[in-house]
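Chemist: below is the sequence, then the predicted model.
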Amino acid sequence: MKNKQSIVLSLLLAVFLGSCGPNYPDPEVPLTYPQPQLDERVLSYNDIRDEMHCEVKVNYDSSFTELLAIVEAQGFETDTFTLILNDAGLLGDALEGDGIYSRNTDMDRIDSIDGQLLVNFKLYRDDELLKSAVDSLPVSANLPPSITEISMPDTIVRPEIGINELLIYLSVDDPNGVHDVTSAYFQVKNNTTGLWSTDYPMNDEGETGDQVAGDGIFSTGLNISSANSAATNYFRFRVKDTAANFSEWSVDSVVVR
């Protein structure tokens, strides 16, 4: 009886150990694409370089002859054109032979117009259309910058000898980022004629009164000497961005006494 129990226990232990052993996965079966697929589509536009990038991954087990991107562009100087995408690491394609077909192309943007890029990807074998896919990208107009703060003294005293420096600072903002603001100007009103002067430039290059280059604060310095008249001097300021959009004028004044 004892031997029979030992045999039964041994069988149960063998079954238990067999059922609890590691399960090894089947070898990975590669995916097949008997029908062509245009996946992982990317469409972008760089408004600093005026450059469009489009790409698409082709999954297909058979051969094809070319992949075209037919572009309809609203708000651009050229409104329709066709690109041949490549997987040769050329013309904006990042990596040769990875199955991702790409192309960069220069485009002249009309910055004041909202628009859209509509791209129809078409995969061909000779004259036979194998697959098509459509993608689109809205492109917003470049919006004008603004002056958020003017920093200048209310009053400056003329020196008896030498000069005093009048420092002026403009803080700016832009919906496209402060890097989009390229220049700043001011004009001075003539107290006799009431007319505004021509533009005087300010800078963000760390010189002629500007403290830190590239910080989005445009500055300048003016010299006040004993030869200046005691008067209230009116200034108006504006800034310009990469699309030649100007801000509204901002007015301030300083009393010279």
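Modeler: Noted; the coordinates are in hand.

Chemist: the most centrally placed residue in the chain pairs with what?
Modeler: For the chain, Asn46 is the residue whose C-alpha lies nearest the centre (C-alpha atoms, centre = their mean; 5.7 Å). With DSSP bridges applied, Asn46 shows beta-bridge pairing to Glu51.

Chemist: pretty sure it is touching Asp106, no?
Modeler: No: counting by C-beta atoms under 8 Å, Asn46 stays clear of Asp106, with 10.2 Å between them. (Each C-beta comes from the backbone N, C-alpha and C, glycine too.)

Chemist: can you give me the helices for this protein?
Modeler: With DSSP state H as the criterion, the chain has helices at 2-19.

Chemist: identify each buried residue in stretch 144-154, please.
Modeler: Across stretch 144-154, burial judged by 16 or more other C-beta atoms under 10 Å covers Pro144, Pro145, Ser146, Ile147, Ile150, Met152.

Chemist: so how far is that stretch off the chain centroid?
Modeler: The chain centre lies 26 Å from the centre of stretch 144-154; the measure is C-alpha atoms, centre = their mean, to the nearest Å.

Chemist: who's in contact with it?
Modeler: Stretch 144-154 is contacted from outside by 166-174, 180-181, 235, 237-241, 245-248, 250, 252, 254-255, using C-beta atoms under 8 Å, 6 or more residues apart in numbering.

Chemist: at 6 Å instead, please
Modeler: 168-174, 181, 237, 239, 241, 245, 247, 250, 252, 254 (C-beta atoms under 6 Å, 6 or more residues apart in numbering).

Chemist: mark which of the residues you listed are part of strands, please.
Modeler: Per DSSP state E, strands hold the following members of those: 168-173, 181, 237, 239, 241, 250, 252, 254.

Chemist: put the buried members of the residues you listed into a PyMOL selection.
Modeler: Selection of buried members from the ones in strands among the contacts of stretch 144-154 for PyMOL, criterion 16+ other C-beta under 10 Å:
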select buried, resi 168+169+170+172+173+181+237+239+241+250+252+254
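
Chemist: ok, what's across the strand from Tyr234?
Modeler: Beta-bridge partners, per DSSP bridges, of Tyr234: Ser253.

Chemist: number of residues surrounding it?
Modeler: 16 (other C-beta atoms under 10 Å).

Chemist: verify the contact between it and Ser253 for me.
Modeler: Yes: counting by C-beta atoms under 6 Å, Tyr234 does reach Ser253; the two are 4.8 Å apart.

Chemist: contacting residues around the nearest residue to Ser229 once chain neighbours are set aside?
Modeler: Leaving aside its chain neighbours, Ser229 sits nearest to Val256 (7.1 Å; criterion: C-beta to C-beta, 6 or more residues apart in numbering). Applying C-beta under 6 Å, 6+ apart to Val256 gives the contacts Ile156, Asn228, Ala230, Ala231, Asn233.

Chemist: could I get these as CSV with neighbour count and pLDDT?
Modeler: As requested, the contacts of Val256 are exported to CSV (neighbours: other C-beta atoms under 10 Å; pLDDT from 0 to 100):
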residue, neighbour count, pLDDT
Ile156, 19, 91
Asn228, 18, 86
Ala230, 9, 88
Ala231, 11, 91
Asn233, 19, 93
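
Chemist: any chance of the residues you listed in TSV, plus distance to Asp126?
Modeler: Shown next, in TSV, are these (distance: C-beta to C-beta, whole Å):
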residue	distance to Asp126
Ile156	79
Asn228	81
Ala230	86
Ala231	81
Asn233	76
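
Chemist: show me the residues you listed that map onto strands.
Modeler: Those of these lying in strands (DSSP E): Ile156, Ala231, Asn233.

Chemist: what number of residues lie near the closest residue to Gly214 other than its chain neighbours?
Modeler: Nearest-residue entry for Gly214: Asp204, 6.2 Å, with adjacent residues in sequence omitted and distances by C-beta to C-beta, 6+ apart. By other C-beta under 10 Å, the residues close to Asp204 number 23.

Chemist: and Ile48, by the same measure?
Modeler: Neighbours around Ile48, by other C-beta under 10 Å: 10.
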